[in-house]
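Engineer: sequence unknown, structure follows:
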C-alpha cells in the first residue's frame, strides 16, 4: 500500500508539472494576443509543451565558425528600383511546386540540413528553367555528411555551412519528405519519427524509385557556394536574381505559436538558432517583412509553414548569416566574389573526369609520336 501511495504521489506531481507547462504555453499565447501587436498567436502543436517544442531547436548551427566561404556582392548601381513586393513562387511559376513545398523536420532537429536542401532544390529548378523538378534529399545529408555534425546522432544538431561544402564536393541525391516515396532517398521513419539518424547508406532507399539507379550517378552538385552580405538590398537582389536563400534566425518561445501577421519578438525566452528559407519580401500596414518558409510542416501557422517576419534591422536575428549556392559557377558582370579561391571549386566527379580525359589525350599523343 505504501508503494502504491508513493507511485500515486509521484504521478500527481508529474501531472501537476505538465499542467503548469501547458498553462504557461497558453499564458504565452494570451500575452501575445492581448498586446495586439503585428501578429497573432495560436497553439500550432496543441499536445506539446513549450519544453517539447524547444527540442526542435536543440541543434548546434556553428554559424560563428570562421570558415573561408566567399561572399558575393551585387553591384547596386544596376538595381536602383527594387520592388516593394517579391515572391519567388510568382517570379518562377515553372518552379512553384518546388519553391512552395514546406519541409517538415519531424522529431529531428535538422533545419541545418533541411533548409539548405530546400534552397538547393529551388535553385536547381530555377537555373534549369523548370526542367529539374526534384527535391534534394535532406536524409542523404543527415545520414552521410559526417563533417556536418559533431554529434553521433546528427538529429541533435549540425553546421549548415558544412552542408553547402558537401553539396559542392560530394553531391546529394534526390529525396522527398517522410512517407512521400519520391526520389532516391526520402526521409526515413527513424529520422522523422524517432529523431535518430540512421547509418549512411550509399544507395537509393526508395523501393519505388528507379530500380537500376546508380547512387553516385543520381547525385546533384553545386559548383559555387557563398555567403550573401548581411545587408537588406544585397539579400533582396540575390533572391530576385538567383532564387531563395538560407538564413539563420534567433528563435524565442513565442515563435512556436505564430499564427499570422508580421512576426516580431513579444515575449518568452531565447531558445536557440534555426535556419529558414527566405523566398521574398513585402510591406504590411506598418511593417516591412521577409517572406520565409519554416521547417515545421504545413500545420504550423495559418499560412501552412510560411511566415512573415520583421525586416527592419534583421529582427530576431533573421539574416545574421545568409548562404546560397549555384549549379553554374559563372558570375555576371553585375556581381563579384571575395575570397573566390576557396568557394569556387569543381566537384570531385568533374575533376576526376577531366583528369581522366587529360590522361587519354597524353597517351594518344605519345602513341602518335612513337
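Structural biologist: Received, thanks. These numbers come from a predicted model, not from an experiment. Numbering: from 1, shown residues only.
Engineer: From the chain's centre, how far out is stretch 323-341? Work that out for me.
Structural biologist: With CA atoms, centre = their mean, to the nearest Å as the basis, stretch 323-341 stands 20 Å off its chain's centre.
Engineer: Can you show me the helices along the stretch 101-250 of the chain?
Structural biologist: Remark: helices assigned in the stretch 101-250 of the chain by DSSP state H, counting those that start in this stretch are 111-127, 138-144, 160-169, 189-192, 232-242.
Engineer: Mind listing residues that contact the fourth one?
Structural biologist: Going back to what we said before, that points to helix 189-192. For helix 189-192, contacts defined as CB atoms under 8 Å, 6 or more residues apart in numbering pick out 104-108, 110, 139, 142-143, 155, 177-178, 196-198. The C-beta positions use only the backbone N, C-alpha and C, and glycine is treated the same way.
Engineer: swap the cut-off to 7 Å and go again
Structural biologist: The contact list for helix 189-192 (CB atoms under 7 Å, 6 or more residues apart in numbering) reads 106-108, 139, 142, 155, 178, 196-198.
Engineer: between these, which is nearest residue 76?
Structural biologist: Distance to residue 76 across the contacts of helix 189-192 (CB to CB) is lowest for residue 142, with 37.8 Å.
Engineer: Just confirm the closest one contacts residue 111, I think it does.
Structural biologist: No. In this structure, residue 142 is not within contact of residue 111 by CB atoms under 7 Å, at 11.1 Å.
Engineer: Apart from its neighbours in sequence, what residue is nearest the one residue sitting closest to the centre of the chain?
Structural biologist: The chain has residue 115 as the residue nearest its centroid, 0.9 Å off, counting by CA atoms, centre = their mean. Using CB to CB, 6 or more residues apart in numbering and skipping the chain neighbours, the partner closest in space to residue 115 is residue 275 (4.2 Å).
Engineer: At which residues are the strands of the stretch 1-150 of the chain located?
Structural biologist: Using DSSP state E, counting those that start in this stretch, the strands found in the stretch 1-150 of the chain span residues 39-41, 71-74, 86-87.
Engineer: Stretch 247-267: how far from the chain's middle?
Structural biologist: With CA atoms, centre = their mean, you get 17 Å for stretch 247-267.
Engineer: Quick check: end-to-end length of it?
Structural biologist: Distance between the two ends of stretch 247-267: 22 Å, counting by CA to CA, to the nearest Å.
Engineer: Check which residues of that stretch are buried.
Structural biologist: Under the neighbour-count criterion of 16 or more other CB atoms under 10 Å, stretch 247-267 has 247-259, 261-267 buried.
Engineer: Stretch 75-90 now?
Structural biologist: Residues of stretch 75-90 classed as buried: 86-89 (neighbour count, 16+ other CB under 10 Å).
Engineer: Now flag whichever of those is closest to residue 79.
Structural biologist: Using CB to CB, those come closest to residue 79 at residue 86, 12.1 Å.
Engineer: And the closest one, how close does it get to residue 74?
Structural biologist: Going from residue 86 to residue 74 by CB to CB, to the nearest Å gives 15 Å.
Engineer: How far does stretch 103-114 sit from its chain's centre?
Structural biologist: 8 Å.
Engineer: Quick check: buried residues in it?
Structural biologist: In terms of neighbour count (16+ other CB under 10 Å), stretch 103-114 has its buried residues at 103-106, 108-114.
Engineer: If you count neighbours, what's buried in the lengthiest strand in the chain?
Structural biologist: Assignment by DSSP state E gives strand 270-283 as the longest strand of the chain. Buried residues in strand 270-283, counted by 16+ other CB under 10 Å: 271-282.
Engineer: Could you export the residues you listed as a markdown table, including pLDDT and distance to residue 93?
Structural biologist: Formatted as a markdown table, these follow (pLDDT from 0 to 100; distance: CB to CB, whole Å):
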| residue | pLDDT | distance to residue 93 |
| --- | --- | --- |
| 271 | 85 | 36 |
| 272 | 85 | 36 |
| 273 | 87 | 33 |
| 274 | 90 | 29 |
| 275 | 93 | 26 |
| 276 | 95 | 23 |
| 277 | 97 | 18 |
| 278 | 97 | 19 |
| 279 | 98 | 13 |
| 280 | 98 | 14 |
| 281 | 97 | 18 |
| 282 | 97 | 18 |
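Engineer: can you list those residues in TSV and add distance to residue 232?
Structural biologist: Putting the buried residues of strand 270-283 into TSV (distance: CB to CB, whole Å) gives the following:
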residue	distance to residue 232
271	25
272	24
273	20
274	20
275	19
276	16
277	17
278	11
279	15
280	13
281	9
282	13
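Engineer: Among those residues, which one lies nearest to residue 235?
Structural biologist: residue 278 (6.9 Å).
Engineer: Provide a list of residues in contact with that closest one.
Structural biologist: Contacts of residue 278 by CB under 7 Å, 6+ apart are 235, 239, 244-245, 247, 290, 292.
Engineer: do that again at 10 Å, thanks
Structural biologist: 88, 115, 119, 228, 235-236, 238-239, 244-247, 249, 290-293, 309, 311, 318-319, 322, 324 (CB atoms under 10 Å, 6 or more residues apart in numbering).
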